[in-house]
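Q: need a 3D model of the sequence below.
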Amino acid sequence: SLKWTRKQLHVGRGIFNKHRANPWNAFVRQELNEYNEVKGHGVGDHLKLPMFITEHRTQLTTHYLHLTAADKDRLQDDVKTLRQSHIKVARTNPKALQKDINATFNAMQTAPVSAFQ
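A: The predicted structure follows:
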């Protein structure tokens, strides 16, 4: 579809992810990562996010309320740099890619030679 094609063409430009990260989510993610590191949990033994929030709800809310605006901005910037460091992979449909290539070659064959110079 046209919407899918546009999205695939613009995946690398990041035009769909212009929203800022929620400071609460960034704070909870950071606290969960620190908790798992301190407890020495292995990769398969990490405490999951829903369980972590239910067990530490009061601590999380009190610590979050004591954060300054600068701390919240720092958390958001950390998430932004993490998002930018991810490698974006455009997934293509092989059949659609083949049709696009064939259409391009057909257009090149039928177009006058002066158009390509």
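Q: contacts, neighbours, all on C-alpha from now
A: Fine.
Q: burial count for His66?
A: Neighbour count for His66, taken as other CA atoms under 10 Å: 9.
Q: give me phi/psi at it?
A: Torsion angles at His66 (phi, psi; degrees, to the nearest 10) stand at phi -90, psi 0.
Q: what helix or strand is Glu34 on?
A: Assigned by DSSP states H and E, Glu34 falls within helix 23-39.
Q: got it, and Lys80?
A: Residue-wise, Lys80 maps onto helix 69-85 under DSSP H and E.
Q: would you point out which residue is most central in the chain?
A: Residue closest to the average C-alpha location in the chain (CA atoms, centre = their mean): Arg83, at 5.1 Å.
Q: quick one: it from Ala21, how far?
A: 10 Å (CA to CA, to the nearest Å).
Q: next: Leu65.
A: 17 Å.
Q: now swap in His46 and tell me
A: In terms of CA to CA, His46 sits 23 Å off from Ala21.
Q: pull out the buried positions in the helix holding Glu34.
A: For helix 23-39, the neighbour count (16 or more other CA atoms under 10 Å) marks 23-24, 26-28, 32, 36 as buried.
Q: from those residues, pick the one nearest Gln109.
A: Proximity of these to Gln109 (CA to CA) peaks at Ala26, which lies at 53.7 Å.
Q: and the nearest residue to that closest one once chain neighbours are set aside, how many neighbours?
A: In this structure, Ala26 finds its nearest non-sequential neighbour in Leu75, 5.9 Å apart by CA to CA, 6 or more residues apart in numbering. Applying other CA under 10 Å, we find 20 residues neighbouring Leu75.
Q: then Arg74?
A: Arg74: 14 neighbours (other CA under 10 Å).
Q: Asp22 reaches Gln76, doesn't it?
A: Just so we're on the same page, residue 22 is Asn rather than Asp. Yes. In this structure, Asn22 is within contact of Gln76 by CA atoms under 8 Å, at 6.9 Å.
Q: out of those two, which sits in the busier spot?
A: Comparing Asn22 with Gln76 by neighbour count (other CA under 10 Å), the higher total belongs to Gln76, at 20 against 13.
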